[in-house]
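*Asks:* no sequence for this one, just the structure:
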């Protein structure tokens, strides 16, 4: 279908525009008249696909197009070439045309839910959202018609605000099937067209703290993606192109700025207008992550004292030993400690008193050491310490003496004073060690020597 570039601007479309509100209209009749006039403008696209010849002019938007009583725009190659006066006024965008340059707005950034005509379609009706410069997006009924403009193919798009039609008919806008299903979904979900939000369900507003009005028409990434997660975009797009869907665990930002752990599902969907969209769901996995962290902590820490257990301690020693191989000038020491007299406390005061004593010992050991050092409980009355960058053997001996003096202080439990002493074995790490287990074996051997020598003292392992 060809648009006559030399048509008289006073033909059908101009006459239609000039007749708008030509007779007195009461306030109660305003919505009815508005809908009637916009629908008459829609009829500019006749049933057989013809367009009134004077809607467009060869080089500029003519008066008939400019004054149509419905919103109208011209699109080519995804760019908006022109918008008429009502479209500019309703959307808040001032420029009439992008002049086909790089600054021309893209159709999918202006009409969310835009339907792309295929080769066999000359005309299509669909619902979408018109983005406004200020305020929430506007639900509209749209008609797109293939045409030619300035010698090249284009599309003429006419838009009727759905709110006006609803006011006249007394009916609310019907939700699409996709939106109905979305609202029934127990997980936070959103439908996007391109990168902009078309619809969010109630669970999304609850999880992220935004109202639906704040979301629709906005860039989804700007609403919920933390700055530190923007790098995920390329990976998500690649996976979506390869597999048609994306499932991943990540973190997303709420309206208040807090970040939440979510399981993200992204899939392509077909919207009610047959336009392609994207369904994004967010499953709140914060409780799951907390439980995983608790189980991981329990597997690597002592239940009673909360200190690292044997497994985590040996891992830390192994890492420190690897650093020693890179920096032979850095030294560290491992101290293995057993409590003398602990069994007597258990037997006379009970196991609850023994647990209380172990908690006090754990606290005293922690206070005696530096933040970079590590204290662990191996079980029973056995403790181990990793002294990072410990210095010479005599310096380690000073630390051991301070610990022994602290441990020997009585602990009052239910009015009774419980006393224990500490037998300690020390292994100074050197480059000869091959593993953390070997260091622990020597520290244990030195501790046994301290215990058999009367206890309450420390012994340093000597290489033979």
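*Replies:* Alright, I've got the coordinates. On a predicted model such as this, the values are computed, not experimentally measured, just so you know.
*Asks:* which residues in the stretch 301-450 of the chain form strands?
*Replies:* Assignment of strands within the stretch 301-450 of the chain using DSSP state E, counting those that start in this stretch yields the ranges 332-340, 374-379, 382-388, 411-413, 416-418, 421-428.
*Asks:* ok, now which ones touch residue 187?
*Replies:* Contacts for residue 187 were tallied using Cβ atoms under 8 Å, 6 or more residues apart in numbering; they are 203, 281-284. C-beta: built from backbone N, CA, C; applies to glycine.
*Asks:* distance check, it against residue 248.
*Replies:* As defined by Cβ to Cβ, to the nearest Å, residue 187 lies at a distance of 15 Å from residue 248.
*Asks:* equivalent analysis for residue 366, please.
*Replies:* Remark: distance between residue 366 and residue 248 (Cβ to Cβ) = 39 Å.
*Asks:* point to the residue nearest the middle of this structure.
*Replies:* What sits nearest the mean C-alpha location of the chain, by Cα atoms, centre = their mean, is residue 252, with 2.0 Å.
*Asks:* check what pLDDT the residue nearest to that one when sequence neighbours are not counted gets.
*Replies:* Of all residues not flanking residue 252 in the chain, residue 224 sits nearest, at 4.5 Å (Cβ to Cβ, 6 or more residues apart in numbering). pLDDT recorded at residue 224 is 96.
*Asks:* for residue 224, what are its contacts?
*Replies:* In this structure, residue 224 makes contact with 208, 252-254, 282, judged by Cβ under 8 Å, 6+ apart.
*Asks:* what subset of these is buried?
*Replies:* 208, 252-253, 282 (16 or more other Cβ atoms under 10 Å).
*Asks:* and those residues, which is closest to residue 133?
*Replies:* Distance from residue 133 was checked for each of the buried ones among the contacts of residue 224 by Cβ to Cβ. The minimum falls on residue 208, at 24.4 Å.
*Asks:* what's near enough to touch residue 213?
*Replies:* Listed by Cβ under 8 Å, 6+ apart, the contact set of residue 213 reads residue 136.
*Asks:* quick one: the host helix or strand of it to chain centroid distance?
*Replies:* When elements are defined using DSSP states H and E, residue 213 is found to belong to helix 212-215. Distance, stretch centre to chain centre, for helix 212-215: 17 Å (Cα atoms, centre = their mean, to the nearest Å).
*Asks:* distance of the residue lying closest to residue 162 once chain neighbours are set aside relative to residue 216?
*Replies:* Sequence neighbours aside, residue 139 is the residue nearest to residue 162 in space, at 4.0 Å (criterion: Cβ to Cβ, 6+ apart). Look at residue 139 and residue 216: by Cβ to Cβ, they are 9 Å apart.
*Asks:* name the residues contacting each of these two.
*Replies:* In terms of Cβ under 8 Å, 6+ apart, residue 139 and residue 216 are both contacted by the residues residue 129.
*Asks:* how many residues are close by residue 86?
*Replies:* The burial count assigned to residue 86 is 21, neighbours taken as other Cβ atoms under 10 Å.
*Asks:* just the buried residues of stretch 105-112, please?
*Replies:* Neighbour counts over stretch 105-112 (16+ other Cβ under 10 Å) mark 105, 107-112 as buried.
*Asks:* sorry, back to before: restricted to helices, list the buried ones among the contacts of residue 224.
*Replies:* With helices identified by DSSP state H, the entries of the buried ones among the contacts of residue 224 that belong to them are residue 208.
*Asks:* domain map for the protein?
*Replies:* What automatic domain parsing lists as the domains of the chain is 12-169, 177-289, 301-460.
*Asks:* could you redo these as TSV and give each row distance to residue 295?
*Replies:* Formatted as TSV, the entries for those read as follows, by distance: least, Cβ to Cβ, whole Å:
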stretch	distance to residue 295
domain 12-169	44
domain 177-289	11
domain 301-460	11
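*Asks:* enumerate every residue touching residue 335.
*Replies:* Contact partners of residue 335, counting by Cβ under 8 Å, 6+ apart, are 384-387, 396, 400, 403, 424-426, 443, 458.
*Asks:* how about low-confidence regions in the stretch 251-400 of the chain?
*Replies:* Residues of the stretch 251-400 of the chain that meet the criterion pLDDT under 70 lie in 271-275.
*Asks:* all helices of it, in order?
*Replies:* In the stretch 251-400 of the chain, the segments counted as helices under DSSP state H, counting those that start in this stretch are 286-300, 310-326, 342-349, 351-368, 393-407.
*Asks:* any figure for the gap between the residue nearest to residue 162 and residue 209?
*Replies:* Applying Cβ to Cβ, the value for residue 139 to residue 209 is 24 Å.
*Asks:* who has more neighbours out of these two?
*Replies:* Taking other Cβ under 10 Å, residue 139 and residue 209 do not tie; residue 139 has more neighbours (19 against 14).
*Asks:* pLDDT value on the more buried one, please?
*Replies:* Model confidence at residue 139 (pLDDT) stands at 83.
*Asks:* beyond the helix or strand where it lies, next helix or strand please.
*Replies:* Element membership of residue 139 [criterion: DSSP H and E] is strand 138-149. Once strand 138-149 ends, the next helix or strand along the chain (criterion: DSSP H and E) is strand 152-161.
*Asks:* which strands or helices does that following strand pack on?
*Replies:* Secondary-structure packing of strand 152-161 (3 or more Cβ pairs under 8 Å, 6 or more residues apart in numbering; DSSP states H and E): helix 30-42, strand 71-76, strand 138-149.
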